[in-house]
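J.: Let's see this in three dimensions:
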Amino acid sequence: MASKRLAGTCFLKVGGQQLSIKGGLEAPLNDKKREAVMDTAGPAGYKETPIAPFIKVTALVKQLDKDKLGSDDSMSIQAEFADGSIYTLGDAWLSNEASIKGDDGEVEVEFTGMRGNWQ
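T.: Predicted coordinates for the structure are as follows:
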């Protein structure tokens, strides 16, 4: 049986432009969080709360359009994972306080969007 790549090189496109990324690509597996509701006998069930669609990544600074990333609130972002799965984020904006690390030439960015789906 042939092996299937599970991890390794990933890709990220923001507004159609591919960014150089160092790693740490993350996207939510589900769109809700379930937490146990406990009573005296143990778990009674769960409560469900929505999770905002997001993509997190460590990007290299060399190709970043800093003005666009900081001001655009309707970006289309596509994350391609090493196993070939793709997560698309629509109407997205930069949601963290992204700080460029001069010593490493990288920045950790988190995008949050109105829609997120796996393909």
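J.: Any figure for the gap between the spatially most central residue of the chain and Thr40?
T.: Residue closest to the average C-alpha location in the chain (CA atoms, centre = their mean): Ile55, at 1.1 Å. With distances taken as CB to CB, to the nearest Å, Ile55 is found 41 Å from Thr40. To be clear about C-beta, it is placed using only N, CA and C from the backbone, and glycine gets the same treatment.
J.: circling back: which element is the residue nearest to the centre of the chain on?
T.: Assigned by DSSP states H and E, Ile55 falls within strand 54-60.
J.: What residues of the next helix or strand after that strand count as buried?
T.: Past strand 54-60, further along toward the C-terminus, the next helix or strand under DSSP H and E is helix 66-71. Along helix 66-71, the positions that meet the burial threshold by neighbour count (16 or more other CB atoms under 10 Å) are Leu69.
J.: any idea which helix or strand comes after helix 66-71?
T.: strand 75-80.
J.: residues in contact with that following strand?
T.: Contact partners of strand 75-80, identified using CB atoms under 8 Å, 6 or more residues apart in numbering, comprise 10-16, 25, 27, 55, 57, 68, 86-93, 111, 113.
J.: Buried subset of these, written for ChimeraX?
T.: Buried members of the contacts of strand 75-80, identified by 16+ other CB under 10 Å, are gathered into one ChimeraX selection as follows:
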select :12,14,25,27,55,57,87,88,89,92,93,111,113
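J.: From the contacts of strand 75-80, which land in helices?
T.: Restricting the contacts of strand 75-80 to those inside helices, with DSSP state H as the criterion, leaves Lys68.
J.: Distance of the spatially closest residue to Pro50 that is not a sequence neighbour relative to Asp91?
T.: When the adjacent residues along the chain are set aside, Pro50 lies closest to Lys32, with 5.5 Å between them (CB to CB, 6 or more residues apart in numbering). Lys32 sits 19 Å away from Asp91, going by CB to CB.
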